[in-house]
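Participant: Need the 3D shape of this:
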Amino acid sequence: MLEFDPSADIQALRSTFGDIKAVVDVDGLQAEIARLSEEAGAPDLWDDVDKAQKVTSALSHRQSELKRVTDIESRLDDLDVMVELAHEMDDEDAADEARRELAELEDVIGQLEVQTLLDGEYDERSAVVTIRSGAGGDDATDFAEMLLRMYLRWAERHKYPVKIMDTSYAEGAGIKSATFEIDAPYAYGTLSVEAGTHRLARISPFGSADKRQTSFAAVEVIPVMEEAVEVEIPEGDLRVDVFRSSGPGGQSVNTTDSAVRLTHLPTGIVVSMQNEKSQIQNRAAAMRVLQTRLLLLKREEEAAKKKELAGTITASWGDQMRSYFLYGQQLVKDLRTGYEVGNPASVFDGDLDGLIAAGIRWRKRKDDD
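Facilitator: Predicted coordinates:
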């Protein structure tokens, strides 16, 4: 007789999933998809390219949200069938398959439950992430590149589209900075808990003394905001520099001076873009990010909540939010939540969901206090 009765676990999952569906508002989501689909089907849609891109992007995001919910519902129904068949056949292998599916569904529903905590003004938007190396020389620039790969692998695991917008390579190892966009629902709300200073402690591969080296990198996360165009920037407030795009070690990538650096003189905010094909495209992408940062800065000042969005990150001692230890005890520890992972290699390979979920829950408790 097969000893396998996951009915209580499945019932608990269904209860949690029911609460999630109520928050997600499936009926409202379907109505929004119908409205956007009608707009997307208009024959003159692409007469206005910017509007068309906004409509199709919003439609894609809403469809992705709905598919995630309907897929889980279908898998829960299939799980009931798997359990029933395992008992009918008295088959331990079939029971093992049902156990694996149950564990996967617990993980997926847990992630979706965390997403329901993302109710901030900009949380549902896509995200632009910038990584900058801080104190620590070659170790810091190498660390910045490790973080870049970490977030790209995280996005890849979730099948989120990523667009590299700018990369500034260091003369030695790694990168000075990189900016990329993740185009996915709730990318900003999810990744905004990653903003802050990250600290790496390890035996440096760049030194001959075999000593421990501590290095830092800063992560900034801002939402992609359509209303950023509301921010008008007088020409006199803007310095535009054009330069040749480069690759690792200073190797030229383009034969034309297509890379663009925008400096907002009143605030000192600098945005560089070099990964588009033309100077015009790079300038447009840089302007969008600059306008978003200025809009956020304006709203932060008005609301006196500077740390709720991008904030100011110094990438040095006293400001770190997470530490990565790659010597002695291998450990990644979030200093805000206390959440720890004993396998740094998996974290650097994009296994961030546990750390991110702990961060989102910590932020929600903090906001509710």
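Participant: Mind checking the pLDDT average for stretch 329-338?
Facilitator: Mean per-residue pLDDT for stretch 329-338: 94.
Participant: What residues of it count as buried?
Facilitator: Neighbour counts over stretch 329-338 (16 or more other CB atoms under 10 Å) mark Leu331, Val332, Lys333, Asp334, Thr337 as buried. The way it works is simple: take the backbone N, C-alpha and C, and place the C-beta from them, glycine included.
Participant: ok, for the third one, nearest residue in space, not its chain neighbours?
Facilitator: With CB to CB, 6 or more residues apart in numbering as the criterion, Lys333 has its nearest non-adjacent residue at 4.8 Å, and that residue is Glu340.
Participant: That neighbour: neighbour count?
Facilitator: For Glu340, the count of nearby residues is 13 (other CB atoms under 10 Å).
Participant: same deal with Glu84?
Facilitator: Other residues near Glu84 number 12, with proximity taken as other CB under 10 Å.
Participant: quick revisit: which one of the buried residues of stretch 329-338 sits closest to Met287?
Facilitator: Nearest to Met287, judged by CB to CB, of the buried residues of stretch 329-338 is Asp334 at 34.5 Å.
Participant: Can you spell out which residues form a bridge with the closest one?
Facilitator: Arg322 (DSSP bridges).
Participant: residues contacting it?
Facilitator: By CB atoms under 8 Å, 6 or more residues apart in numbering, the contact list for Asp334 reads Met321, Arg322, Glu340, Leu355, Ala358, Gly359.
Participant: just to revisit the earlier point, now render the buried residues of stretch 329-338 as JSON lines, adding distance to Arg75.
Facilitator: Shown next, in JSON lines, are the buried residues of stretch 329-338 (distance: CB to CB, whole Å):
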{"residue": "Leu331", "distance to Arg75": "34"}
{"residue": "Val332", "distance to Arg75": "30"}
{"residue": "Lys333", "distance to Arg75": "33"}
{"residue": "Asp334", "distance to Arg75": "30"}
{"residue": "Thr337", "distance to Arg75": "29"}
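Participant: follow-up on the earlier one: which pair of the contacts of Asp334 spans the longest distance?
Facilitator: By the measure CB to CB, Met321 and Glu340 form the most distant pair in the contacts of Asp334, at 13.8 Å.
Participant: Go through the chain and flag its longest strand.
Facilitator: Of all the elements of type strand in the chain, the one with the most residues (DSSP state E) is strand 212-223.
Participant: quick one: the next helix or strand after that one to chain centroid distance?
Facilitator: Moving toward the C-terminus from strand 212-223, the next helix or strand (DSSP states H and E) is strand 238-243. Distance of strand 238-243 from its chain centroid, counting by CA atoms, centre = their mean, to the nearest Å, is 29 Å.
Participant: In contact with the residue lying closest to Ala184 once chain neighbours are set aside, which residues?
Facilitator: The shortest distance from Ala184 to any non-neighbouring residue, by CB to CB, 6+ apart, is to Tyr160 (4.0 Å). By CB under 8 Å, 6+ apart, Tyr160 lies in contact with Ile182, Asp183, Ala184, Ala187.
Participant: Looking at the residues you listed, spot the one nearest Ser204.
Facilitator: Distances from Ser204 to those, taken by CB to CB, are shortest for Ile182, at 30.7 Å.
Participant: hey, what's that closest one bridged with?
Facilitator: For Ile182, the beta-bridge partners are Ala127, Val162 (DSSP bridges).
Participant: One more: Val271?
Facilitator: Leu262.
Participant: and the gap between it and Ala127?
Facilitator: Distance of Val271 to Ala127, given as CB to CB, to the nearest Å: 15 Å.
Participant: ditto for Asp25
Facilitator: Using CB to CB, Asp25 is found at 23 Å from Ala127.
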